Structure formats: structure tokens, C-alpha cells
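Asker: Okay, sequence plus prediction incoming.
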Amino acid sequence: MSLDAAIEFALTVLAERPRPAGDGGPGGRVSNLSKRERELVDLVAEGLTDKEIAEKLFISIRTVRSHLDRIRDKTGARRRAELTRLALLARSTDR
């Protein structure tokens, strides 16, 4: 199988895969978050570090990281950039 054929096959398989339960797109994933978790996602989207978030919310860095782990589990977003994208998309759907 050529590389182009393999890529096309992989894209076809991925497109046909069912989405995980509760994954109604980026806006839907953010709606599954608690108020506090949405607040953290917004602060991540503003570019704040874990330390800055902790100081702003008067919580420990460990608590921030715990919240972020739960947010990642709920949304499937693994990187800060993905969390930022989710926050921005959620803001645009709230209008």
C-alpha cells in the first residue's frame, strides 16, 4: 500500500469512527464542565500559568493542576492550546 493510500485509508477510518459519548463538539464539551472548571479554562485561554491561576483564585498550584486534569478528562483536550480553543469556541456559542 502506498503512503498516499494509507493516509487516505486512515482519514476514512477516523471520519467513520463514532464520537465518544458526551462529545457534542467543542462547545458541548465545555458545557459539561462545572462553573469553577470553566473559570479555569477561561484563565488558561487568557494565557495565565498554573501559578498565576492559583494566585488569582486563591488556591494552590496542586489544586489548579487537579482541576486541569479533570477538565482534560472531561473534554479530551490534552494541551493548553486545545483548552484555549475550547474556551474561545464556547464564548462564541454563548453569544
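Answerer: Done, it's in.
Asker: Would you quantify the distance from residue 60 to residue 84?
Answerer: Separation of residue 60 from residue 84 (CB to CB, to the nearest Å): 23 Å. To be clear about C-beta, it is placed using only N, CA and C from the backbone, and glycine gets the same treatment.
Asker: ok, the two, which is more surrounded?
Answerer: residue 84 (17 against 11; other CB atoms under 10 Å).
Asker: Quick one: residues contacting the more buried one.
Answerer: 44, 45 (CB atoms under 8 Å, 6 or more residues apart in numbering).
Asker: which intervals of this protein have sub-threshold pLDDT?
Answerer: Scanning the chain for pLDDT under 70 picks out 6-29, 92-95.
Asker: give me the number of residues near residue 66?
Answerer: The burial count for residue 66: 12, using other CB under 10 Å.
Asker: And the helices in this protein?
Answerer: Using DSSP state H, the helices found in the chain span residues 3-16, 26-31, 35-45, 50-57, 61-75, 80-94.
Asker: Other residues contacting the fourth one?
Answerer: When contacts are taken as CB under 8 Å, 6+ apart, the neighbours of helix 50-57 outside the stretch itself are 39, 40, 43, 44, 48, 60, 61, 63, 64, 65, 68.
Asker: Mind listing what's buried along that helix?
Answerer: For helix 50-57, the neighbour count (16 or more other CB atoms under 10 Å) marks 50, 53, 54, 57 as buried.
Asker: do the same with the third one
Answerer: Buried residues in helix 35-45, counted by 16+ other CB under 10 Å: 37, 38, 40, 41, 42, 43, 44, 45.
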